[in-house]
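*Asks:* using only what follows, build the 3D model:
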Amino acid sequence: MKNRNAKGNGSVRQRENGTWEARCIINGKRKSFYGERQSDVLKAMRAAQSAADGGVYFEPQRINLAKWLDLWLDEYVKSSAKPLTYSTYKSRVETHIKPALGKIKLTALNATQIQAFYNDLLRVQELSPKTIKNVHGILHKALDQALKLRYIGLNPADACTLPRMEKKEIKPLTESEIAAFLEAIQEGEPLRDLFTVALFTGMREGEVCGLSWDAVNFREGTITVRQQLCKEKEKGGQHYIAPTKNDKARTLTAAPFVMDILKQVQQTQRADHLAMGLAWQNTFNLVFTDKTGKYIVPQTALKRFKAITTKIGRPDARFHDLRHTYAVTALQEGDDVKTVQQNLGHATASFTLDVYGHVSEKMKKESAARMQSYFEKIKA
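*Replies:* The predicted structure follows:
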């Protein structure tokens, strides 16, 4: 066995069975924390010490799920996750998990109770299977951390069954709807350029709203998508710049007309900046702003988008359908799947194929025509 001093009050040792134990004095009593890794027991000990200093320490056997979720969010999520992730987790915890399961003792929580909770979310609250899956993911992670710290003997969420998720049919704009959409946004629409760039690059709503000038390379004709404009989920939350959804930047080569649009946007913005002087507000150096330099709120873009699509007879269209429209159009016009995958920022080409694998009638006919041409060539 090895005895080592931990930073601050307490000690840590490796036990004969290979696991680790951290010891400290909390509220006048000796406490032990066990785990597979030294880092886990140190983190548990320091979290307990921090909680004790703040007057919120509870014995694992006495703490209820609500208190553990608060501790988990503050000590394990807040310091390691993106602000948006932390905000989303906290919102799900406060809205769904705590009201249903929060009063149950952490050590008494079982799979039957959790399963009943999921069933209620589906049948009574009528939440989507995807939302329930997200709630499950948060609860499972919190309980998994409690398991690592030996607060509980097993993760009861492991034994639960989630509702089956049905793949939603994507609804990109048709060719005639694209034409109608482009015509509609010519009529004095202030977000015309934002919508056009989104449609012909496949950028997500937050990505196009968060596009900055340092990501636009006019010489190479490229756009690097590395960030998005997000909003804190708390009431009155502020907007901020965050990394892309998968934390990875991607560089796409835009069509020349897209780069021409961006050049015109830059010229207009420079004129607006000059007119506003010291009142100019573009602190994030964003491409798409209003006349004062203030960012375009994604919710504002969505409202304008819905007004336009309703006008052209597609009230069901979502902003994300512009991304789907770009992908389907690119594939139909002959782009290879790998290029489309990289432009969209998908992890693999197989994922892109899974989403857009439905081959349109146009693509089928073109494939048949190519095969006919090949057959006639080798037969001649």
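
*Asks:* where does the protein dip in pLDDT?
*Replies:* Along the chain, segments meeting pLDDT under 70 span 1-9, 51, 53-61, 358-362.

*Asks:* centroid residue for it?
*Replies:* Nearest to the geometric centre of the chain sits residue 245, at 4.6 Å (Cα atoms, centre = their mean).

*Asks:* contacting residues around it?
*Replies:* 204, 228, 345 (Cβ atoms under 8 Å, 6 or more residues apart in numbering). Any C-beta I mention is one placed from the backbone N, CA and C, and that applies to glycine too.

*Asks:* what about the second one, how many neighbours?
*Replies:* Look at residue 228: counted by other Cβ atoms under 10 Å, it has 22 neighbours.

*Asks:* equivalent analysis for the last one, please.
*Replies:* One way to gauge burial is a neighbour count; for residue 345, by other Cβ under 10 Å, it gives 18.

*Asks:* mind checking how far it is from residue 221?
*Replies:* Per Cβ to Cβ, to the nearest Å, residue 345 is found 19 Å from residue 221.

*Asks:* can you pull the contacts of the closest residue to residue 215 other than its chain neighbours?
*Replies:* Spatial nearest neighbour of residue 215, chain neighbours left out: residue 224 (4.4 Å); criterion: Cβ to Cβ, 6 or more residues apart in numbering. Residues near residue 224 by Cβ under 8 Å, 6+ apart: 215, 217, 249, 250, 251.

*Asks:* surely residue 224 is within a helix?
*Replies:* No. The assignment for residue 224 by DSSP: H, G, I helix; E, B strand; the rest coil gives strand, which leaves it out of any helix.

*Asks:* re earlier: now do the same for the residue nearest to the centre of the chain: helix, strand or coil?
*Replies:* With three-state DSSP as the basis, residue 245 sits in coil.

*Asks:* phi first, then psi, for it.
*Replies:* Dihedral angles phi and psi of residue 245 (degrees, to the nearest 10) take the values phi -50, psi -40.

*Asks:* got the CA coordinates for stretch 322-340 in PDB?
*Replies:* Output in PDB follows, covering the C-alpha atoms of stretch 322-340 (Å, rounded to 0.1, in the frame of the first residue of the first chain):
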ATOM      1  CA  LEU A 322     -31.800  25.400 -45.200                       C
ATOM      2  CA  ARG A 323     -28.900  23.200 -44.200                       C
ATOM      3  CA  HIS A 324     -30.800  20.100 -45.500                       C
ATOM      4  CA  THR A 325     -31.600  22.000 -48.700                       C
ATOM      5  CA  TYR A 326     -27.900  22.700 -49.200                       C
ATOM      6  CA  ALA A 327     -27.000  19.100 -48.700                       C
ATOM      7  CA  VAL A 328     -29.600  17.600 -50.900                       C
ATOM      8  CA  THR A 329     -29.000  20.200 -53.700                       C
ATOM      9  CA  ALA A 330     -25.200  19.600 -53.500                       C
ATOM     10  CA  LEU A 331     -25.600  15.900 -53.900                       C
ATOM     11  CA  GLN A 332     -28.200  16.200 -56.700                       C
ATOM     12  CA  GLU A 333     -25.800  18.500 -58.600                       C
ATOM     13  CA  GLY A 334     -23.000  16.000 -58.400                       C
ATOM     14  CA  ASP A 335     -21.000  16.800 -55.300                       C
ATOM     15  CA  ASP A 336     -19.400  13.600 -53.800                       C
ATOM     16  CA  VAL A 337     -20.600  12.500 -50.400                       C
ATOM     17  CA  LYS A 338     -17.100  13.200 -48.800                       C
ATOM     18  CA  THR A 339     -17.200  16.800 -49.900                       C
ATOM     19  CA  VAL A 340     -20.700  17.400 -48.600                       C
END
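
*Asks:* which parts of this protein are strands?
*Replies:* Counting by DSSP state E, the chain has strands at residues 2-5, 11-14, 20-26, 29-35, 216-217, 222-225, 227-231, 239-243, 250-253.

*Asks:* what does the last one rub up against?
*Replies:* In this case it means strand 250-253. 201-202, 220-226, 244, 342-343, 345.

*Asks:* hmm, try it at 10 Å
*Replies:* Under the criterion Cβ atoms under 10 Å, 6 or more residues apart in numbering, residues 201-203, 207, 215, 217, 220-226, 244, 258-259, 339, 341-346 lie in contact with strand 250-253.

*Asks:* one more: the fourth one?
*Replies:* Residues external to strand 29-35 that are found in contact with it (Cβ under 10 Å, 6+ apart): 10, 12-13, 15, 19-25, 40-49, 52, 57, 59-60, 147-151.

*Asks:* what pairs with it, parallel or antiparallel?
*Replies:* Counting by DSSP bridges, the strands paired with strand 29-35 are strand 20-26 (antiparallel).

*Asks:* in the partner strand, which residues are buried?
*Replies:* 20, 21, 22, 23, 24, 26 (16 or more other Cβ atoms under 10 Å).

*Asks:* neighbours of the residue nearest to the last one when sequence neighbours are not counted, how many?
*Replies:* Once flanking residues are discounted, residue 26 sits nearest to residue 52: 4.7 Å by Cβ to Cβ, 6+ apart. By the other Cβ under 10 Å criterion, the neighbourhood of residue 52 contains 16 residues.

*Asks:* can I get the strands of the chain in JSON lines including distance to residue 84?
*Replies:* Formatted as JSON lines, the strands of the chain follow (distance: least, Cβ to Cβ, whole Å):
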{"stretch": "strand 2-5", "distance to residue 84": "37"}
{"stretch": "strand 11-14", "distance to residue 84": "34"}
{"stretch": "strand 20-26", "distance to residue 84": "32"}
{"stretch": "strand 29-35", "distance to residue 84": "29"}
{"stretch": "strand 216-217", "distance to residue 84": "24"}
{"stretch": "strand 222-225", "distance to residue 84": "16"}
{"stretch": "strand 227-231", "distance to residue 84": "5"}
{"stretch": "strand 239-243", "distance to residue 84": "5"}
{"stretch": "strand 250-253", "distance to residue 84": "19"}
